[in-house]
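A.B. asks: sequence and computational prediction follow.
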Amino acid sequence: MKVQEKKKFIRNTSGMISADFIFSLTLCAGLCIVFFSLTFTLSMSEVAQYIAFSVARAHAAGHIDPDKQNQMGMDKYKEILSYTAFKNFITTGSGSSWFVLERPVIKSGKDGSDFSSEYPINLAPHAPPFSGVKILFKPTILNKKIPFLGSTSENPDEGFSAYLTSFIFREPSQVECLDQVKERNTSILGLSNRYSELGRAASDKYIPLEDNGC
């Protein structure tokens, strides 16, 4: 009959706490990275929203023609991102920075170009055009792979993105104002023969304009 040997238990457990400590430290470090990335993204999203508002405000101001107003908006966008404080964190287009701001989409309402098709709302038939600025914001800092937690995004290659918008009605440009006044003058002259007779000389020598600030 065989005598069953007694099992030997490990009585020296020194070092076991080290594994728990390393696991806990790694997990805490990962959570700190996630929370830092999230809070910093929320802060920078407010900055990016103000950039969109500044571009829309520069575009909305009256100028010579709508094309010049669009140029003023793009110039403001380039000016803001040229500051050193933004260069360290924000890039335009493709880049390896923490945040990416794509080229602004500016729609002035000229020739029916506005955002009404993208953001459909019930507007009156003759409502002003839905003009403004839309910028794609990509917080690449949120696209992380944390140990023991996995990836923060369902699609790590694309990451997170959101549109920042600022819709401001554009002021009429000088060209549009003059065209409207000319059209109004032509309509007035066509109301009566008396008006057309008095305004006949104006068509060759000068263009009568109202004092309307054009």
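C.D. replies: Received it, and whenever you're ready, just let me know what you need.

A.B. asks: going forward, measure contacts and count neighbours with C-alpha atoms only.
C.D. replies: Fine.

A.B. asks: may I see the buried residues of the biggest strand by length in the chain?
C.D. replies: Longest strand in the chain, counting residues (DSSP state E): strand 132-139. Within strand 132-139, the residues that qualify as buried are 132-139, counting by 16 or more other Cα atoms under 10 Å.

A.B. asks: as CSV, those with distance to K107 and pLDDT would be great.
C.D. replies: Formatted as CSV, those follow (distance: Cα to Cα, whole Å; pLDDT from 0 to 100):
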residue, distance to K107, pLDDT
G132, 6, 89
V133, 7, 92
K134, 9, 93
I135, 12, 93
L136, 15, 92
F137, 18, 92
K138, 21, 90
P139, 24, 90
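
A.B. asks: contacting residues around the spatially most central residue of the chain?
C.D. replies: Closest residue to the average C-alpha location of the chain: I135 at 2.5 Å, with Cα atoms, centre = their mean. Residues counted as contacts of I135 (Cα atoms under 8 Å, 6 or more residues apart in numbering) are 52, 101-105, 163-165.

A.B. asks: of all the buried residues of strand 132-139, which comes closest to K78?
C.D. replies: I135 (13.1 Å; Cα to Cα).

A.B. asks: partner residues bridging that closest one?
C.D. replies: Per DSSP bridges, the residues bridged to I135 are L164.

A.B. asks: what's the separation between the nearest residue to L136 once chain neighbours are set aside and N155?
C.D. replies: Setting aside the residues directly before and after it, L136 is nearest to Y163 in space (Cα to Cα, 6 or more residues apart in numbering), at 4.5 Å. Distance, Y163 to N155, using Cα to Cα, to the nearest Å: 18 Å.

A.B. asks: more crowded one of these two?
C.D. replies: For Y163 versus N155, the count of surrounding residues by other Cα atoms under 10 Å is larger for Y163: 14 against 10.

A.B. asks: isn't that one up against E118?
C.D. replies: No - Y163 lies out of contact with E118 (Cα atoms under 8 Å); the separation is 11.9 Å.

A.B. asks: give the helix, strand or coil label for I106.
C.D. replies: Following DSSP: H, G, I helix; E, B strand; the rest coil, we place I106 in the strand state.
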